Every structure is written in structure tokens, then in C-alpha cells.
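Asks: Okay, sequence plus prediction incoming.
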Amino acid sequence: MKKFLFAFPFVCALLYALAAHALTITATVAWTIGTSAGHTSWSVQKTIDGAVPVVVGTPAAATTQFVDTALTAGHTYTYAVAACNSFGCAAYTAPVSTSTNTPTGSASGVTVTVTTAP
């Protein structure tokens, strides 16, 4: 029983250290789509594991990338980008998929790069 009492603080300290060094996973969605006349913003859609796409960002017209910080390990993320103005958005680009296991994807002028940092 004494061995358990001595080991318990060590285990707690170890778990605290592991939690403090949790990975931060981000995806940078970058595009090289030609500028369209009159667009005022972009719409960035994200799909998680094939679910329904959700708009996760509306960067300004001069922007050519979006950083998504709402990622967790073990999922596949798919992104698409569309030019928008006061009348609505154009068609979205072809979707680009990536995951923490395959950190880069590209199609139709859109590139997604996933990075992890302690």
C-alpha cells in the first residue's frame, strides 16, 4: 500500500505534464484563385468526416488564406472556398481533404496544410 501512495503524486505530476503539452492542430487553407470582379469576401466551408459542410470563415477580399484552429486528431477535414459579394457566393471550389495522417492536400487552386505543435 505504501508503494501506491508514493507513486500517486508521480502519476498526477506526469498527467499534468502531458496535459500541458497537448498538441495544437491547425489547418491553413490557402488559395490562388484569380480575383473576380466585385467580390467583397471569401467563404470557407469545412466538412468533418463527410458530414454536412459548414461555413467556418468569411475572410476579406484581399485575403488568400484562412487558418482553422478548431481541429482535433483522428478526423478528416475537407475545405472549399467561394468568392462572395452582396448578391451571394459563386460556386465553391473542388473540395480539398486532409487529416492529421496526411497533412497536405490540394485541388483547383486551394491548398490545405495541417500543422501540429506542442
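Replies: Perfect, thanks for sending it.

Asks: V29 sits in which helix or strand?
Replies: Here V29 sits within strand 24-31, counting by DSSP states H and E.

Asks: Following element in sequence after that strand, please.
Replies: As assigned by DSSP H and E, the chain's next helix or strand after strand 24-31 is strand 41-48.

Asks: buried sites along that following strand?
Replies: S41, W42, S43, V44, Q45, K46, T47 (16 or more other CB atoms under 10 Å). The way it works is simple: take the backbone N, C-alpha and C, and place the C-beta from them, glycine included.

Asks: Check stretch 75-92 too.
Replies: By neighbour count on 16+ other CB under 10 Å, the buried set for stretch 75-92 is Y77, T78, Y79, A80, V81, A82, A83, C84, C89, A90, Y92.

Asks: With stretch 89-102 instead?
Replies: Neighbour counts over stretch 89-102 (16+ other CB under 10 Å) mark C89, A90, Y92, T93, P95, V96, T98, S99, T100 as buried.

Asks: so where is the chain shaky, pLDDT-wise?
Replies: The chain contains residues with pLDDT under 70 at 1-23, 33-37, 100-118.

Asks: mind redoing it with 50?
Replies: The chain contains residues with pLDDT under 50 at 1-21, 118.

Asks: if we look at stretch 56-69, which residues are touching it?
Replies: The contact list for stretch 56-69, computed with CB atoms under 8 Å, 6 or more residues apart in numbering, reads 24, 26-32, 35, 39-46, 70, 77, 79, 81, 84.

Asks: how about a cut-off of 6 Å?
Replies: Stretch 56-69 has contacts (CB atoms under 6 Å, 6 or more residues apart in numbering) with 26-31, 39-44, 46.

Asks: Now distance to F66 too, for those residues, in a markdown table please.
Replies: Shown next, in a markdown table, are the contacts of stretch 56-69 (distance: CB to CB, whole Å):
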| residue | distance to F66 |
| --- | --- |
| T26 | 11 |
| A27 | 9 |
| T28 | 8 |
| V29 | 5 |
| A30 | 8 |
| W31 | 9 |
| H39 | 15 |
| T40 | 16 |
| S41 | 11 |
| W42 | 8 |
| S43 | 10 |
| V44 | 5 |
| K46 | 9 |
